[in-house]
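Novice: Have a look; sequence and predicted model below, questions after that.
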Amino acid sequence: MVQITEIGRYVVTQQEIRDPQTQEIIQPEIVEYQDGLRLFAPITVTNATITPIRICIIDGDVNIAASGFYAGQQIMFRVLAEDLPEVEGETPTQYKNEDLYFKPLLLEGDSIEMTLNQHQVIVDGDVGGFTQFTHWTKPRYLKPFKSLLKSQAEYNQYRNFLFRRMGRYKAFWMPLYERHINVTNTGTIYNVLNTDTAYVLEADRKHLAIKINGTWSAHEITAKTANTLTISPALNVAATAIEAVCYLGLYRLAADAVEFSFLGANMSQVNVPIVELSA
């Protein structure tokens, strides 16, 4: 067992030079891998392979299955995060001093199952008499946040998302993809959206996510009538450029642990519940 103290990098040791008229390559670019892995102490090996190791503990009991012909044991290991390297991913887009993500929700079959959770606590102090209370002033939507990670890069990005949560109470913004708003404007849209009246009845909603030419943006609702929404900042785009409009929700994780299912070929799947907060 050896400790890695530094990881190497790719360095351009010779720049590419082209003829400005013919674009012919006069001098090719040369990229070299420098440093490699620096170890804490020198070692001597032959036909070696490198396998990363982590500090683990045995989680719970050991299950044993035995018969007259065989015996097997099943042990669950929990990987401790204290020895993992710090995640230094890029800071995502910020909105209202919180992280903003436009990651679509994956369905379980043909739909997504949501729960209107009231966080109710019932105390039975006597036979036939009980009381109940809740920490929330009103029920909140609880939904699964399922992600399919198709590469090592997407896996690292998701790990950065988890580290930025700093536990289950660090909030983040994400659109309510299941609730779209039908915009009836024509011509150029500035800061007023004409909508179907059925979609503006939620008085508590104050933020929108708008997709224009494949790019999402966040907006705040500054005024609302029966069938119009006034937003800030303004759009100043043609109505035909708007692809989707939906409410923007503030969420947090609703679990203390996240489990990854590795599917092979650098693919993995993760499903964690999230709860929508009032914003």
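Specialist: Structure's in. What do you need? Numbers count the residues shown, from 1 in each chain.
Novice: where does this structure dip in pLDDT?
Specialist: 81-89, 125-128, 179, 197-203, 279 (pLDDT under 70).
Novice: Could the C-alpha coordinates of stretch 49-64 be exported in CSV?
Specialist: C-alpha atoms of stretch 49-64 as CSV (Å, rounded to 0.1, in the frame of the first residue of the first chain):
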residue,chain,number,x,y,z
THR,A,49,-1.5,-2.7,-11.2
ILE,A,50,-3.0,0.3,-9.4
THR,A,51,-6.2,0.0,-7.4
PRO,A,52,-7.5,2.9,-5.3
ILE,A,53,-8.4,2.1,-1.7
ARG,A,54,-10.7,3.8,0.8
ILE,A,55,-11.2,3.5,4.6
CYS,A,56,-14.3,1.4,5.4
ILE,A,57,-16.2,0.1,8.4
ILE,A,58,-18.5,-2.9,8.7
ASP,A,59,-22.0,-1.6,8.6
GLY,A,60,-24.4,-3.7,10.7
ASP,A,61,-24.5,-7.4,11.1
VAL,A,62,-23.0,-10.2,9.1
ASN,A,63,-25.6,-12.4,7.4
ILE,A,64,-24.7,-16.1,7.1
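Novice: so how far is it from its chain's centroid?
Specialist: Mean C-alpha position of stretch 49-64 versus that of the full chain (C-alpha atoms, centre = their mean, to the nearest Å) differs by 27 Å.
Novice: So for the helix or strand where residue 272 lies, what gets flagged as buried?
Specialist: Per DSSP states H and E, residue 272 falls inside strand 267-277. Across strand 267-277, burial judged by 16 or more other C-beta atoms under 10 Å covers 268, 270-276. Every residue, glycine included, has its C-beta placed from N, CA and C.
Novice: Go through stretch 97-107 and flag the buried ones.
Specialist: Applying 16+ other C-beta under 10 Å to stretch 97-107 flags 99-102, 105 as buried.
Novice: got a list of contacts for that stretch?
Specialist: Here stretch 97-107 makes contact (C-beta atoms under 8 Å, 6 or more residues apart in numbering) with 91-94, 112, 143-148, 161, 164, 171-175, 177-178, 209, 216, 218, 250.
Novice: Over to stretch 3-23?
Specialist: 24-41.
Novice: Mind doing that once more with 6 Å?
Specialist: Residues from elsewhere that reach stretch 3-23, judged by C-beta atoms under 6 Å, 6 or more residues apart in numbering: 25-27, 29-38, 40.
Novice: Show me the two of those residues that sit farthest apart.
Specialist: 26 and 40 (44.1 Å; C-beta to C-beta).
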